[in-house]
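Engineer: sequence below, structure please.
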Amino acid sequence: MSNVETDPVAVRCGEDGSQEAARVEVLTARDVPLGGVRALHVRRTLPQRARTLIGAWCFADHYGPVDVPSSGGMDVPPHPHTGLATVSWLFSGTIEHRDSLGTHALIRPGELNLMTGGHGISHSEVSTADTAVLHGVQLWVALPEAHRNADRDFRHHAPEPVRVDGAEIRVFLGSLAGDTSPVPTFTPLLGAQIDLEPGARVTLEADPAFEHGLLVDAGDVRFADTGLRPTELGYAPCGHGALTLANESERPARTILLGGPPFEEAIVMWWNFIARTHEEIVQAREDWEAAADRFGAVEGYAGQRLRAPALPNAVLTPRENPRRDRTESGKAGAS
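Structural biologist: Residues are numbered from 1 along each chain as shown. Predicted coordinates:
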């Protein structure tokens, strides 16, 4: 998915200054329209002022349920990416994906689609004509220095659900609850959908070297002793050897668990690009506007590709994750 904000912010991501197993930090989302008058609205929890990364996860959009016949659904024209991998995960509906690798794939509920941009890739995403309700998440992963110019790639995986103590778990990246995704990543990552029955409580073994984020889609969920409501993202710092999730609702709960070791490198993120310097962002934008071979071409999309927004009239200024002592006392609002 593209970040089509007309004034996208520049973000620097670095190591969180404190790694103690402190209480969960609650991050609230901001509403972002993708497109024009009938825009698809998403709830963005990463990046924001309170936190820019969780592990290498640097971007999280949560959307739906959207009534497609009345809203028009999703129609994101061809657009570029550099220095990152995109993770598409649906709860309902179907999205048609086309990219400059020549991939033409359908994104369906419960099936991972991971696309690596590296030095440059472009793709389009359109909800299918038979989709009545569109609902899911779009996530980005920052690529480390050694691999940020990696070749374009596309992977698909449909994980089998694992049952543990009233929870159904689908591990799409990394390892959890005895299951491991076969999809390779450039840094250690965890990505899983965890559905909880009403009143269910599950404790899962976790890597204490990982920081974790739990995005709640449905239900009221207690995460490591902190209550989370739908659309909120709970951040747990490193040091947790186990994670407890409890559904405090009288209805099923649905969550997305993300994790990874703190990303040690400072990066700048602007529009759909991740780089290390202002100059690299400028070059990527110029290459896209010039239709350079770097991004390739998307075949089969009926329409024009996205134009890049104007750069701000200043050097892009990065920023780091705040230290825990600034945020551990309460909720953190979105920027």
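
Engineer: C-alpha only now, for contacts and for neighbours.
Structural biologist: OK.

Engineer: low-confidence regions, the stretch 101-250 of the chain specifically.
Structural biologist: Within the stretch 101-250 of the chain, no stretch has pLDDT under 70.

Engineer: all helices for the stretch 201-335 of the chain, in order.
Structural biologist: In the stretch 201-335 of the chain, the helices defined using DSSP state H, counting those that start in this stretch lie at 278-289.

Engineer: what about the strands in it?
Structural biologist: 201-205, 211-218, 221-223, 226-228, 233-236, 242-247, 253-260, 267-270, 273-275 (DSSP state E, counting those that start in this stretch).

Engineer: so can I have TSV of these showing distance to residue 158?
Structural biologist: Output for those, formatted as TSV (distance: least, C-alpha to C-alpha, whole Å):
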stretch	distance to residue 158
strand 201-205	21
strand 211-218	20
strand 221-223	25
strand 226-228	28
strand 233-236	24
strand 242-247	24
strand 253-260	16
strand 267-270	30
strand 273-275	28
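
Engineer: could those strands go into CSV alongside mean neighbour count and distance to residue 69?
Structural biologist: Converted to CSV, those look like this (neighbours: other C-alpha atoms under 10 Å; distance: least, C-alpha to C-alpha, whole Å):
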stretch, mean neighbour count, distance to residue 69
strand 201-205, 15, 37
strand 211-218, 25, 22
strand 221-223, 24, 31
strand 226-228, 19, 31
strand 233-236, 26, 29
strand 242-247, 20, 32
strand 253-260, 23, 25
strand 267-270, 25, 32
strand 273-275, 25, 32
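
Engineer: what's the closest of those to residue 70?
Structural biologist: Taking C-alpha to C-alpha, strand 211-218 is the member of the strands of the stretch 201-335 of the chain nearest to residue 70, at 22.0 Å.

Engineer: what's the closest one packed up against?
Structural biologist: strand 233-236, strand 253-260 (3 or more C-alpha pairs under 8 Å, 6 or more residues apart in numbering; DSSP states H and E).

Engineer: quick check: which of the ones you listed is nearest to residue 200?
Structural biologist: Distance to residue 200, taken as C-alpha to C-alpha, is lowest for strand 253-260 among these, at 9.2 Å.

Engineer: now the closest one: mean pLDDT?
Structural biologist: For strand 253-260, the mean pLDDT works out to 98.

Engineer: partner strands of that strand and their direction?
Structural biologist: Its sheet considered, strand 253-260 pairs with strand 190-196 (antiparallel), strand 211-218 (antiparallel) by DSSP bridges.

Engineer: and the strands of the stretch 201-335 of the chain: which comes nearest residue 25?
Structural biologist: Among the strands of the stretch 201-335 of the chain, the nearest to residue 25 by C-alpha to C-alpha is strand 233-236 (5.0 Å).

Engineer: just the CA atoms of that closest one, as CSV, please.
Structural biologist: As requested, the backbone C-alpha atoms of strand 233-236 are provided in CSV (Å, rounded to 0.1, in the frame of the first residue of the first chain):
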residue,chain,number,x,y,z
LEU,A,233,-1.5,-0.8,19.6
GLY,A,234,0.3,-1.9,22.8
TYR,A,235,4.1,-1.7,22.9
ALA,A,236,6.1,-4.0,25.2
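
Engineer: ok, so what distance separates residue 167 from residue 247?
Structural biologist: Applying C-alpha to C-alpha, to the nearest Å, the value for residue 167 to residue 247 is 10 Å.
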